[in-house]
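> sequence and predicted structure, then a few things I'm wondering about:
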Amino acid sequence: MKKLNDSVAITLIIVSGIILLSLMGMFYWNSLNPSNTISSSGYATIKTMPDIVSVYFNVQTYGTTSSEASDENSKIVEAMKNSLNEGGFSDEEIQTQGFSVYPEYDYSKSNPTITRYVAVHSLKVEMPADERSNIGKVIDSGVNAGAGISYINFELSQERQNAYKAEAIKQATVDAKTKAEALAEGAGEELGKLVSVSTSDFYYQPWQIFASSTGKDTVEAREAATSITPSEQEVSASVTAVFKVK
C-alpha cells in the first residue's frame, strides 16, 4: 500500500509540474502575442546627393586552357591598374567585383567537347562625384589596356548608404508609431508599449547614366559622365510595428 501511495504522490507531482509549466508557457506566449494589439506600417524617404561616381569594366579573355585564359586576363588587369595608378588612382579605388573562369563547349557532336576557356574579370573604379572630370582618364586606362566599359553610375558611398539607411528606418519607425496612436485614439483606446518592430523593406537604387552594349563606346561614355549633372537620389525604408493597447 505504501508503494502505491508513493506512486500516486509522484504521479501527482509530475502532473502538477506539467500543468504549472503549461500555464507559464501560456502566460509567456500571451505576453509575446497579446490579442489586444494595434499593428501599423511606417514609411520614410530621404533625398540626398550622390557622393561618388563609379565606372564599371569587364575584362574577358580566352585560352586553350583555364590557366592560359586567366593569365591573359591578369595581364590586361595589371596594365589597367598600372595606368590608373600613374593617373593618381589608388588601389582602394580599383575594386574587383567578380572573377570567373569557365569552359565553352561545342555541342554539334554527340559528345560535347571543350573548344576554349573564358576568363571574366569585373572591376569598378570609383571617385568623388565632384571629380567626374577624371572619368575620361579612367576610361582610357581601361580601354587602352584591353578592358571593355560596361556602365557608369552616380552612387552613394557605403558609409553614406549606412547613415541614410539608419535615418530612414528611424523616421519610418516614428511614422509607424504616429499611425498607431491615431488608430488607438480613433478606436477610443490608449496606445501601450511596443511589442515588436521589424524592417520590412529598404530601397536604394544607384543612378545609371551610361550603359554600353559593345564595351567600346568611349566617346559616348565620356560625354554622358561629364555632361550630366547628378541629381538627388532617394533612400527609403518601411517598418512594421505592433503595440499593446492599454
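Yep, that arrived. Numbering: from 1, shown residues only.
> the helix or strand in which residue 61 is found: which residues count as buried?
Residue 61 belongs to strand 52-63 when assigned by DSSP states H and E. Within strand 52-63, the residues that count as buried by 16 or more other CB atoms under 10 Å are 52, 53, 54, 55, 56, 57, 58, 59, 60, 61, 63. To be clear about C-beta, it is placed using only N, CA and C from the backbone, and glycine gets the same treatment.
> let me know the secondary structure of residue 225.
Following DSSP: H, G, I helix; E, B strand; the rest coil, we place residue 225 in the helix state.
> OK, contacts around it?
Applying CB atoms under 8 Å, 6 or more residues apart in numbering to residue 225 gives the contacts 53, 55, 132, 135, 136, 152, 209, 210.
> in terms of secondary structure, what does the longest strand seen in the chain contact?
The strand that spans the most residues within the chain, counting by DSSP state E, is strand 113-128. Judged by 3 or more CB pairs under 8 Å, 6 or more residues apart in numbering; DSSP states H and E, the packing partners of strand 113-128 are strand 52-63, helix 66-86, strand 94-106, helix 135-145.
> including mean pLDDT and distance to residue 117, could these go into JSON lines?
Formatted as JSON lines, the helices and strands packed on strand 113-128 follow (pLDDT from 0 to 100; distance: least, CB to CB, whole Å):
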{"stretch": "strand 52-63", "mean pLDDT": "96", "distance to residue 117": "5"}
{"stretch": "helix 66-86", "mean pLDDT": "96", "distance to residue 117": "4"}
{"stretch": "strand 94-106", "mean pLDDT": "96", "distance to residue 117": "5"}
{"stretch": "helix 135-145", "mean pLDDT": "92", "distance to residue 117": "21"}
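> closest one to residue 166 among these?
strand 52-63 (19.0 Å; CB to CB).
> and the angle from that closest one to helix 66-86?
If you take axes from the mean of the first three to the mean of the last three CA atoms, to 10 degrees, strand 52-63 sits at 150 degrees to helix 66-86.
> export strand 52-63 to CSV, keeping only CA atoms.
As requested, the backbone C-alpha atoms of strand 52-63 are provided in CSV (Å, rounded to 0.1, in the frame of the first residue of the first chain):
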residue,chain,number,x,y,z
ILE,A,52,30.7,59.1,-55.8
VAL,A,53,30.8,58.2,-59.5
SER,A,54,31.7,54.6,-60.5
VAL,A,55,33.0,53.3,-63.8
TYR,A,56,32.5,49.6,-64.3
PHE,A,57,34.7,47.5,-66.6
ASN,A,58,34.6,43.9,-67.9
VAL,A,59,37.8,42.1,-68.9
GLN,A,60,37.2,39.0,-71.0
THR,A,61,39.9,36.8,-72.3
TYR,A,62,40.2,33.3,-73.9
GLY,A,63,42.7,30.4,-73.9
